[in-house]
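*Asks:* Got a predicted model here, sequence first, then my questions.
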Amino acid sequence: MEYTTLRNGVQIPMLGYGTYQIPAEDTKHCVLEALSVGYRSIDTAQGYFNEEGVGEAVAQCGIPREELFLTDKVWISNGGYEKAAASIDASLKKLRTAYIDLMLVHQPFNDYYGTWRALEEAYRAGKLRAIGVSNFMPDRFIDLCGFVDIAPMVNQLEVHVFQQQRVIRPYLEKHGTQLMAWSPLAQGRNGLFTDPTMTEIGERYGKTAAQVDLRFLMQSGVVVIPKSTHRERMAENFDLFGFHLTDGEMEQLQAMDLGRSQFIDHYAPNVAEMFVDAGSV
Ligand SMILES: NC(=O)c1ccc[n+]([C@@H]2O[C@H](COP(=O)([O-])OP(=O)(O)OC[C@H]3O[C@@H](n4cnc5c(N)ncnc54)[C@H](OP(=O)(O)O)[C@@H]3O)[C@@H](O)[C@H]2O)c1
């Protein structure tokens, strides 16, 4: 496994396992499967309704807690200082752990300054080893950094070969914030799994387009958390450490950036309304 070091010295695996859209009843099995493949970092969220399944896997896997890295996220309906603080304690119980390695504010909606203060406090109390945000686009990210005690250590954003988040990267660097990729495979959108350029590069190393995309992100310093419910794909997405892309290949892949989301426009009014109207967890 390759690691990177967050601003506060905490080490995070460059590769983890995502659990979005894994039904609650399947989560324990999938996470145990991922751990047996070799993953040690697991990404969940209050809004995924599957923290309990992750917690059951953590309790049953037999791997020492300190070898695992758990990422969780506070949902919008738990926004504001008091609700966020209570939700962190609830998440600790669901995950059956005394601490969460990385807690993120899931979306820049509701009273996220209050949410952030709850994260800062839980961090100082040792309940959270690192704290960060997710889906904070440049304007929200710069705003938050300007008015809080501890700047986010991580920003988890949509990142894959077609959306490389070039605009925000200088601001992340300025604040020492690690970029973490959600949907690092773009869920296969825009033909990612059969893309001719990535397929051709992959053939040189006996790798798939998916593996080239993930290797490209990791080699660019981006933490990745691909999701699969299939063991063979979990293994494929984990097999990224035996090859190294050349400078020329990295440039070819950088040129594939479309600079826009394959999923969602965080600046669009209808998207803001969707998040404001999102239900409670
Ligand atoms: N912070 C946020 O707002 C946010 C948003 C989205 C996601 N996330 C996190 O990021 C994680 C990853 O994102 P994601 O789950 O949206 O998408 P993803 O990892 O980009 O893609 C997952 C999809 O691709 C398929 N797949 C995976 N590996 C494959 C392979 N090697 N070949 C062919 N198909 C493959 C999976 O199908 P099968 O499962 O059927 O194999 C699944 O449909 C999430 O699980 C979640 O933890 C966070």
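*Replies:* Yes, it's here.
*Asks:* contacting residues for the residue of the stretch 1-150 of the chain found nearest the ligand?
*Replies:* The ligand sits closest to G18 of the stretch 1-150 of the chain, with a gap of 2.4 Å, by CB to the nearest ligand atom. From N, CA and C alone the C-beta is placed, and that goes for glycine too. The contact partners of G18, by CB atoms under 8 Å, 6 or more residues apart in numbering, come to D43, W182, I225, P226, K227.
*Asks:* Tell me, how many residues neighbour the second one?
*Replies:* Same thing as W182. W182 has 19 neighbours, counted by other CB atoms under 10 Å.
*Asks:* pretty sure it is touching H160, no?
*Replies:* No. Here W182 does not reach H160: they are 9.2 Å apart, not a contact under CB atoms under 8 Å.
*Asks:* Can you name the element that comes right after the strand or helix carrying T197?
*Replies:* Using DSSP states H and E, T197 maps to helix 196-203. Where DSSP H and E defines the elements, the next helix or strand beyond helix 196-203 is helix 209-219.
*Asks:* what angle separates that following helix from helix 196-203?
*Replies:* 80 degrees (axes from the mean of the first three to the mean of the last three CA atoms, to 10 degrees).
*Asks:* Report all helices and strands that helix 209-219 contacts.
*Replies:* Helices and strands touching helix 209-219, by 3 or more CB pairs under 8 Å, 6 or more residues apart in numbering; DSSP states H and E, are helix 196-203, strand 223-224, helix 231-238, helix 247-254.
*Asks:* got those as a markdown table, with distance to the ligand columns?
*Replies:* Formatted as a markdown table, the helices and strands packed on helix 209-219 follow (distance: least, CB to the nearest ligand atom, whole Å):
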| stretch | distance to the ligand |
| --- | --- |
| helix 196-203 | 11 |
| strand 223-224 | 8 |
| helix 231-238 | 4 |
| helix 247-254 | 16 |
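*Asks:* and these, which is most packed in?
*Replies:* Among the helices and strands packed on helix 209-219, ranked by average contacts under mean count of other CB atoms under 10 Å, first place goes to strand 223-224 (a mean of 26).
*Asks:* which other residues reach that strand?
*Replies:* By CB under 8 Å, 6+ apart, the surrounding residues in contact with strand 223-224 are 4, 12-16, 154, 178-181, 184, 214, 217-218.
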